[in-house]
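>>> Quick one, what's the 3D model for this:
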Amino acid sequence: MPLPVVLLPFTQWHEISPSARLHPTGKRACLCCTHACLLHLFALAALVQGGATGGSFQGRHTTDMGTGMQSILERNDLDELMALAELADRDFTAERYQPIVVGTSAHSALAAEQSAAARAETESRSAHKLHIPRRPPWDASTSAEQLDAQEKASFLNWRRQLAVLEEEEGLYLTPFERNLEVWRQLWRVLERSDIVVQVVDARDPLLYFSEDLTGYALMLHPTKTSFVLLNKSDLLPEAVRATWADYFDSKGIKYGFWSAFVASEAQAKARHDAIAVGLEGPSATEVLRHFSQLLGLPPSGSSNGGSSRTKVLSTEELLGVLEDVAREAVEAADDDDPRKSDPSRRFMVGLVGYPNVGKSSTINAIFGAKKAAVAPTPGKTKHFQTLNVSSTVCLCDCPGLVFPRFAASKAEMVAAGVISIDRLTDVRAPVDVVAARCGQLQLEAVYGLQLRHPVAAIAQSGASQVSTSGSSGVSKTGSAAAVQQQQQLSAGALLLRALARARGWTASSGLPDEVRAGRQILKDYTTGKLLHCKLPPGSEPPGFAPVIAPLPGTVNSMLLQQGWQHHHQQQQQQPVARSTVSGSIAAEQQ
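Residues are numbered from 1 along each chain as shown. Alright, predicted model coming up:
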């Protein structure tokens, strides 16, 4: 049972969040009083727990708040209270000896009770309330102090609205960016840019695409066009790219397929070949040849994996598309727009997106050299930066931002790589998501495992224990209890144990190291070693997963419908002992 949060009652207080409350008094409390209140808070927490050991905030992820620009997705209740007090520039006083206990499991219990249909209806009704924070209007006469105060007040009001949405509507929000400094970077990028490029993961574009960001850009300027750049498109078969092209065309959204990894690898290989023959630098022809080979295309294939709508753009093609879109946006502005009167001005292309979708990698691939810091940890870029690509185009890179969304759990956010995997301790729920999406055949092919259906495996194990009970002295009751305990394990837990045993990963307790195995599976999923691609809404099936290991150069030629039929036929032909670990792609839970 988790330790409940103990909050001291305030003389007058406002709703800030479902688990943190704040009261402005207009009077600054001294440090010693604040320290005494905090000690009193922890003492009350210990009393409520009844002497149980363990921290009050176990299982919560808290990032360092001291750097100012550190991305903050979650805070424990005490840090949330103090951060909001600082944001509001208010202090608080407490009435002692009258504690109020607020449970921390209210949302999870409510989410479990609500049906999926009822939750979806509530989310649809409240969708207009879920938006990104807006920067208050300002002009040249606004002082820095005034603007800072207005931004803090606006941001605090936005946080209050999300808190009311959670508590009154009973909805659950995914972790989202809570640091005002990070949102300020987004505001500056939007104001500077001629067009806004949302970099998304092509395997699940709608998870990373923000319609509200598109609307906010149009609010700033009616010609500030948005462009969706689907990175990691080398992980999508051409048939899957075609379905997404149809979807974006029907919505009137400009888009482009791109792979920063393939572009960088092609440049590196061409550079290596040039050095081997004594040339100063690689030619464009050699780069394109390696680019086609990495995508699994014929050496002479210049289509880059499909028609003009679905092909994966090369670096030169991407720059041309972005420049054309930016030029159209500027030319569509009014004649008195100052951008038209400056012929030497470069087109400003803003890059925005979630952490770990490849914004910095895209910049590095465009330049052919390392211009932006890249790391597998989400949120590497800390400040926005402008980089001149050519005499006509300038890129403006924004730090990665996690936008607020409705969700039933955080497991999908972890599987998407938005939340740092290296800091996870509970890996079963995200691995359950990965196992359900990828299917048994792909997992066996990638890891070289022989997975069996959980029920069949448990029944066989139980039978073997019962058959030897007469000679070993083990009771049938104990064996049945062990079988029943194993039946309660999820498919992800069984996969974790199988991989840990196969690799010889053992924890200090002597049991299989599920945490290490889970982190490896999640990293393989985020990098594309395990492949699953979401299809547009209304598609049947809702996703695509290969039945073989998705080796580089083999993905582009996979056929969507034929691949699905072949997968389904193989699933039907497998005996009961070889059924999928967590169901095939047709049974995927949305």
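>>> For the longest helix along the chain, name the packing helices and strands.
Across the chain, the longest stretch assigned as helix under DSSP state H is helix 144-169. Packing contacts for helix 144-169, counted by 3 or more C-beta pairs under 8 Å, 6 or more residues apart in numbering; DSSP states H and E, involve strand 14-17, helix 77-88, helix 180-192. Any C-beta I mention is one placed from the backbone N, CA and C, and that applies to glycine too.
>>> switch the cut-off to 6 Å
The contact analysis (3 or more C-beta pairs under 6 Å, 6 or more residues apart in numbering; DSSP states H and E) places helix 144-169 against helix 77-88.
>>> Stretch 501-519 spans what distance, first to last residue?
Distance across stretch 501-519, first residue to last, is 15 Å (C-alpha to C-alpha, to the nearest Å).
>>> quick one on the thing from earlier: show me which positions of the longest helix of the chain end up buried.
Residues of helix 144-169 classed as buried: 151-152, 154-156, 158-160, 162-163, 165-166 (neighbour count, 16 or more other C-beta atoms under 10 Å).
>>> Stretch 404-423 too?
Using 16+ other C-beta under 10 Å as the test for burial, stretch 404-423 gives 404-408, 410-421.
>>> who's in contact with that stretch?
By C-beta atoms under 6 Å, 6 or more residues apart in numbering, the surrounding residues in contact with stretch 404-423 are 123, 130, 171, 173-174, 176, 354, 356, 377-378, 402, 429-430, 433-434, 519, 522-523, 526.
>>> looking at this, residue 226 is in a helix?
No. Read with DSSP: H, G, I helix; E, B strand; the rest coil, residue 226 is strand and lies in no helix.
>>> nearest residue to it other than its sequence neighbours?
The shortest distance from residue 226 to any residue other than its chain neighbours is 4.2 Å, reached at residue 214 (C-beta to C-beta, 6 or more residues apart in numbering).
>>> Just the element for that neighbour, please.
Assigned by DSSP states H and E, residue 214 belongs to helix 211-220.
>>> Give me the buried stretch members for that helix, please.
For helix 211-220, burial by neighbour count (16+ other C-beta under 10 Å) applies to 213-214, 216-217.
>>> Among the contacts of stretch 404-423, which ones are in helices?
Mapping these onto helices (DSSP H) picks out 123, 429-430, 433-434, 519, 522-523, 526.
>>> hmm, which of these are the buried ones?
123, 429-430, 433-434, 519, 522, 526.
>>> Next up, phi/psi of residue 257, please.
Main-chain dihedrals, residue 257, degrees, to the nearest 10: phi -90, psi 140.
>>> Tell me the confidence at it?
With respect to pLDDT, residue 257 scores 96.
>>> now do residue 125
Note on residue 125: pLDDT of 83.
>>> repeat for residue 492
pLDDT, residue 492: 84.
>>> what's the answer for residue 537, then?
On pLDDT, residue 537 comes in at 91.
>>> count of residues packed around residue 280?
6 (other C-beta atoms under 10 Å).
>>> Please identify which of the ones in helices among the contacts of stretch 404-423 is nearest to residue 326.
Ranked by distance to residue 326 (C-beta to C-beta), the ones in helices among the contacts of stretch 404-423 are led by residue 526 at 30.8 Å.
>>> any idea how far the closest one is from residue 276?
33 Å (C-beta to C-beta, to the nearest Å).
>>> Residue 334 now?
For residue 334, the distance to residue 276 - C-beta to C-beta - is 54 Å.
>>> Residue 178 now?
According to C-beta to C-beta, residue 178 and residue 276 sit 50 Å apart.
>>> List the buried residues for the helix or strand where residue 326 lies?
If you go by DSSP H and E, residue 326 is part of helix 315-331. By 16+ other C-beta under 10 Å, the buried positions in helix 315-331 come out as 315, 318-319, 321-323, 325-326, 329-330.
>>> which of residue 178 and residue 276 has more neighbours?
Each of residue 178 and residue 276 has its neighbours counted (other C-beta under 10 Å); residue 178 has more, 25 against 8.
>>> ok, and the closest non-adjacent residue to that one?
Nearest to residue 178 is residue 72, by C-beta to C-beta, 6+ apart, at 4.7 Å.
>>> which SS state does residue 363 fall under?
Of the three states, residue 363 takes helix under three-state DSSP.
>>> quick one: the residue nearest to residue 226 and residue 225 touch, right?
No. Look at residue 214 against residue 225 with C-beta atoms under 6 Å: they stay out of range, at 9.0 Å.
>>> so how many other residues sit close to residue 295?
A total of 25 residues lie near residue 295 under the criterion other C-beta under 10 Å.
>>> is it true that it touches residue 554?
No. The pair residue 295 / residue 554 is not scored as a contact, 10.3 Å apart, by C-beta under 6 Å.
>>> And the strands in the stretch 201-350 of the chain?
In the stretch 201-350 of the chain, the strands defined using DSSP state E, counting those that start in this stretch lie at 225-231, 254-258, 312-313, 347-353.
>>> now those in CSV, with distance to residue 271 and mean neighbour count?
Shown next, in CSV, are the strands of the stretch 201-350 of the chain (distance: least, C-beta to C-beta, whole Å; neighbours: other C-beta atoms under 10 Å):
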stretch, distance to residue 271, mean neighbour count
strand 225-231, 22, 24
strand 254-258, 20, 22
strand 312-313, 20, 25
strand 347-353, 24, 25
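>>> a markdown table for these, including distance to residue 245?
Shown next, in a markdown table, are the strands of the stretch 201-350 of the chain (distance: least, C-beta to C-beta, whole Å):
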| stretch | distance to residue 245 |
| --- | --- |
| strand 225-231 | 10 |
| strand 254-258 | 7 |
| strand 312-313 | 12 |
| strand 347-353 | 20 |
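>>> Name the spans of the stretch 51-200 of the chain whose pLDDT lies under the cut-off.
51-70, 73-77, 80-81, 84-116 (pLDDT under 70).
>>> check contacts around residue 433.
Contacts for residue 433 (C-beta under 6 Å, 6+ apart) come out as 411-412, 415.
>>> For the closest residue to residue 165 other than its chain neighbours, give its distance to residue 404.
Nearest non-adjacent residue to residue 165, counting by C-beta to C-beta, 6+ apart: residue 129, 5.5 Å away. Using C-beta to C-beta, one gets 10 Å for the distance from residue 129 to residue 404.
>>> Same check on residue 430?
Going from residue 430 to residue 404 by C-beta to C-beta gives 20 Å.
>>> about what we covered before: out of the buried residues of helix 315-331, which is nearest to residue 235?
residue 318 (17.3 Å).
>>> ok, for the closest one, nearest residue in space, not its chain neighbours?
Nearest residue to residue 318, sequence neighbours excluded (C-beta to C-beta, 6+ apart): residue 258, at 5.7 Å.
>>> I'd like to check which residues are in contact with the one you found.
Contacts for residue 258 (C-beta under 6 Å, 6+ apart) come out as 229, 231, 233, 313, 318.
>>> How about the second one: which residues does it bridge to?
When you say that, I think you mean residue 231. Assessed by DSSP bridges, residue 231 has beta-bridge partners residue 201.
>>> and it, what pLDDT?
At residue 231, the pLDDT recorded in the model is 95.
>>> Quick check: it touching residue 203?
No. When contacts are counted by C-beta under 6 Å, residue 231 is not listed as touching residue 203 (9.7 Å).
>>> now the strands for the stretch 351-500 of the chain?
Ranges of strands in the stretch 351-500 of the chain, per DSSP E, counting those that start in this stretch, are 385-388, 393-397.
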